[in-house]
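Asks: have a look; sequence and predicted model below, questions after that.
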Amino acid sequence: MKVLLMGNPNVGKSVLFSRLTGANVIISNYHGTTVEFTKGIMQISKKTIEIIDVPGTYSLDPSSSAENVAVEMFEQGNIIINVIDATNLERSLYLTLDILKKNKAVIIALNMWDEAKHKGIKINVEKLEELLGVPVIPTCALTGEGIKKLTDRLQEAVNPAFEFDDKWDKIGSIIDKVQVITHRHHTILERIADASVIPITGIPIAITVLLLCFWLIRFVGESLIAYVFEPLFETLWLPLMMRLSNLLGNSGILHDIIIGKLIDGNIEFMESMGVLTTGIFVPIGAVLPYIIAFYFILSLLEDFGYLPRLAILVDVLMHKVGLHGLGIIPMMLGLGCNVPGALSSRILETKRERFIASTLLAIAIPCMAQIAMVIGLVGKYGIKGLSCVFITLFIVWILIGIILNKFVKGRSPEIFTDIPPYRIPHIKTVIKKVWMRSKWFLKEAVPYVLLGVFVVNILYTLGIFNMIGKVFAPIITGIFGLPKEAVGALIIGFLRKDLAIGMLVPLHLNLKQLIISSVILTMYFPCVATFVVMIKELGFISMLKSVGIMIIATVIVGGFLNLVL
Amino acid sequence: MNKIFSLANIQANKNCKIISVEGGYGIIKRLDAMGIKEGKIIRKISSQPMRGPVLLEINGSQIAIGYGMAGKIIVEEEE
């Protein structure tokens, strides 16, 4: 049996889903967190039930690709759990009426029940149940209230053979009978919410918030490295590896693959290039602390509800690059990892926007893994080098965006989105989300980095880097001004960009070369994980175009930097 | 008779009543699904400079729409 969770965007379907199935899914306080359906299994009285978390939609008449998924999924369900927002009953019922008209068994979860109470909204549940002819269960998915009752009554889901002439008239008459709203004053959160979208206060708030976020990410990341990860590696892992190194005889092929090269008789985690030294240190010791810091801050912003408001403020700027305000969301997520970034480009309605968004993302948005390594490597020279890298990428992002907007066929629609109220982040949810995303990062990154280190050793031993280096020397040295050994980083960058930056360490580049290589490693090609997602999302032909743009842009920008720096 | 504006050029922070929604079938339908239709009372919360989006409040929840779309929503000021 298939049970579908359906409802408007951002009413808490995914929270309910993880409550029902025990599965972990990413939830946030804005529309479009779920862009593809998620399946889970639930047991009710020894029966196995398949639960599907469907992206939000306002009606069964789709207007974005995520909504399209929702409407297609609808046909496959046996039972529909229609999740409705108690704080916005009127709009929720619009979809409910669409659903009730179809021939499906329906049960309603009246979610955000607690928030409605706080807002002075009273809903007569029995009456609503009677009028709609299907079971209605008040729930608060975040705290788990009402979930038990929902599963108990799941069997009572019915198809009520609901009839009406005009949808809004019907909704109006239902609302009149079941809902009483008591007037109340604006809360502080609502005032802050309004202040963050009025230009005069909103723009200073946005700048403060973003600067504070960058500072916090760096502060948390550096503190984690200095007080947790570095001591762990230095005092626990290093002695272990030194002993293993001795055991393996301090040299030889096996030693080089596992431990790497000793530098002045010591293991250097960044340079040695052994599977168990650099291969473990890069993802865990150097990158993970920043991943944790980044996702902690991002999760707070997401759950508070700030991102859609930021989208309003940057809407005009985003139109210059052929997107509307919501295009900021794939970019922000992309700063963590380009893969979820590319996936979230589905919140944009048209193919054109999704092409522009993914291309910009892949060219000019470095992921946190790469940023962490760049901070470690370029940051040694102070803020100047770092700003040079990131400002260059920002300019590239704008310029390529403007060009794409001019030449990609079609038009981009205007923003049209629900703006959720500010909510105080639920700390357990935030921690769970950071945990899930960090775990996901380790699962994605560690195997690729280990493989990468292994491949580096093999290619190096076989002299293949040297060969390719000679072939590409005219570009690498001639245009970018880098030593031809840097070709190794460009090859490995396809597997993992963080490792690629790490491979620059033994080359002892100067600041100018570090800036150029950091920029071109971001731009020239997406890593394999992003590449695969982009092919899936854009199709082969569009991806080919996108890659073409990346390579040409890299040569131009890299060459330009080499000339002017 | 109250003055008639489009949502794009009415002052922020005033309650107003929707008189009509101009525009094609698609736009009307999308707005309709969000409850934005003739006779509804809405409030414009803010608008961004340079023909940026308009944020409006309807039934206690907020919706951001583009400047162009806001221009198609014709409203009159409420007392």
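Replies: Arrived safely, thanks for sending. It should be emphasised that the depicted structure is a prediction, and the values quoted were computed from it without experimental measurement.
Asks: C-alpha only now, for contacts and for neighbours.
Replies: OK.
Asks: rounded mean pLDDT for the host helix or strand of A:F465, please.
Replies: Mapping A:F465 onto the secondary structure by DSSP states H and E places it in helix A:464-473. Predicted confidence along helix A:464-473 averages 92 (mean pLDDT).
Asks: and that helix, what does it pack against?
Replies: Packing contacts for helix A:464-473, counted by 3 or more C-alpha pairs under 8 Å, 6 or more residues apart in numbering or on different chains; DSSP states H and E, involve helix A:487-492.
Asks: got the contact list for the helix it packs on?
Replies: Surrounding helix A:487-492, the residues in contact under the criterion C-alpha atoms under 8 Å, 6 or more residues apart in numbering or on different chains are A:452, A:456, A:465, A:468-469, A:472, A:476, A:499-501, A:503-504, A:521.
Asks: for stretch A:493-507, same thing?
Replies: Residues contacting stretch A:493-507 (C-alpha under 8 Å, 6+ apart): A:270-271, A:282-283, A:287, A:369-374, A:377, A:445, A:448-449, A:452-453, A:483, A:485-486, A:488-492, A:514, A:518, A:521-522, A:525-529.
Asks: chain center to the lowest-mean-pLDDT helix or strand in chain B, what's the gap?
Replies: Taking mean pLDDT, DSSP states H and E as the measure, the helix or strand of chain B with the lowest value is helix B:25-33, at a mean of 85. Chain-centre distance of helix B:25-33: 13 Å, with C-alpha atoms, centre = their mean, to the nearest Å.
Asks: may I see the buried residues of that helix?
Replies: Counting neighbours by 16 or more other C-alpha atoms under 10 Å in any protein chain shown, one finds that the buried residues in helix B:25-33 are B:I28, B:K29, B:R30, B:L31, B:D32, B:A33.
Asks: hmm, that helix touching chain A?
Replies: Yes - legend: contact between helix B:25-33 and chain A by C-alpha under 8 Å from any C-alpha of the partner chain is shown at B:R30, B:A33.
Asks: quick one: contacts of that helix?
Replies: Applying C-alpha under 8 Å, 6+ apart, the external contacts of helix B:25-33 come out as A:Y58, A:S59, A:S63, A:R91, A:Y94, B:V21, B:E22, B:K37, B:M69.
Asks: remind me what the very next helix or strand once past it packs against, helices and strands.
Replies: Counting by DSSP H and E, the element after helix B:25-33 in chain order, helix or strand, is strand B:41-47. Strand B:41-47 makes packing contacts with strand B:15-21, strand B:54-58 when contacts are defined by 3+ C-alpha pairs under 8 Å, 6+ apart.
Asks: nearest to chain A, of these?
Replies: The closest of the helices and strands packed on strand B:41-47 to chain A is strand B:54-58. By C-alpha to the nearest C-alpha, the value is 8.0 Å.
Asks: how about the strands in chain A?
Replies: Counting by DSSP state E, one finds strands in chain A at the ranges A:2-7, A:38-44, A:47-53, A:79-85, A:105-111, A:121-123, A:136-138, A:179-181, A:416-419.
Asks: dump the residue contacts of residue 13.
Replies: Using chain A here. For A:K13, counting by C-alpha under 8 Å, 6+ apart, the contacting residues are A:L5, A:M6, A:G7, A:D53, A:V54, A:V83.
Asks: correction: the question concerned chain B.
Replies: When contacts are counted by C-alpha under 8 Å, 6+ apart, B:N13 touches B:R43, B:K44, B:I45, B:S46.
Asks: between those residues, which is closest to chain A?
Replies: Distances from those to chain A were compared by C-alpha to the nearest C-alpha; the smallest belongs to B:S46, at 5.5 Å.
Asks: ok so, going back, could you dump the contacts of helix A:487-492 to a markdown table with distance to A:L224 and neighbour count?
Replies: Conversion of the contacts of helix A:487-492 to a markdown table gives the following (distance: C-alpha to C-alpha, whole Å; neighbours: other C-alpha atoms under 10 Å in any protein chain shown):
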| residue | distance to A:L224 | neighbour count |
| --- | --- | --- |
| A:G452 | 25 | 23 |
| A:V456 | 29 | 23 |
| A:F465 | 35 | 22 |
| A:I468 | 38 | 15 |
| A:G469 | 37 | 20 |
| A:F472 | 39 | 14 |
| A:I476 | 36 | 23 |
| A:L499 | 20 | 29 |
| A:A500 | 23 | 27 |
| A:I501 | 21 | 28 |
| A:M503 | 23 | 25 |
| A:L504 | 24 | 23 |
| A:L521 | 26 | 26 |
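Asks: from those residues, which is closest to A:K439?
Replies: Sorting the contacts of helix A:487-492 by distance to A:K439 puts A:L499 at the head of the list, at 18.6 Å, by C-alpha to C-alpha.
Asks: my read: A:V287 touches A:M373, true?
Replies: Yes - look at A:V287 against A:M373 with C-alpha atoms under 8 Å: they come within range, at 6.9 Å.
Asks: still on that earlier bit, out of the strands of chain A, which gets the lowest mean score?
Replies: Set side by side, the strands of chain A show their lowest mean pLDDT on strand A:38-44, which sits at a mean of 83.
Asks: in that strand, what counts as buried?
Replies: A:K39, A:G40, A:I41, A:M42.
Asks: check the residue nearest to A:D194 when sequence neighbours are not counted and give its pLDDT.
Replies: Spatial nearest neighbour of A:D194, chain neighbours left out: B:I45 (7.1 Å); criterion: C-alpha to C-alpha, 6 or more residues apart in numbering or on different chains. At B:I45 the predicted local distance difference test score is 94.
Asks: contacting residues around B:I45?
Replies: Applying C-alpha under 8 Å, 6+ apart as the definition, the contact partners of B:I45 turn out to be A:D194, A:I198, B:A12, B:N13, B:V54, B:L55, B:L56, B:E57.
Asks: ok, the first one to A:L313 distance?
Replies: Per C-alpha to C-alpha, to the nearest Å, A:D194 is found 12 Å from A:L313.
Asks: the two: which is more packed in?
Replies: Applying other C-alpha atoms under 10 Å in any protein chain shown to A:D194 and A:L313 shows that A:L313 carries more neighbours, namely 24 against 18.
Asks: run through the chain and note the low-pLDDT ranges.
Replies: Assuming you mean chain A. Counting by pLDDT under 70, chain A has low-confidence residues at A:63-66.
Asks: hm, I was asking about chain B
Replies: Segments of chain B classed as low confidence (criterion: pLDDT under 70) are B:1.
Asks: ok, which residues in it are in contact with chain A?
Replies: Those residues of chain B that sit near chain A, judged by C-alpha under 8 Å from any C-alpha, are B:30, B:33-35, B:45-53, B:59-69.
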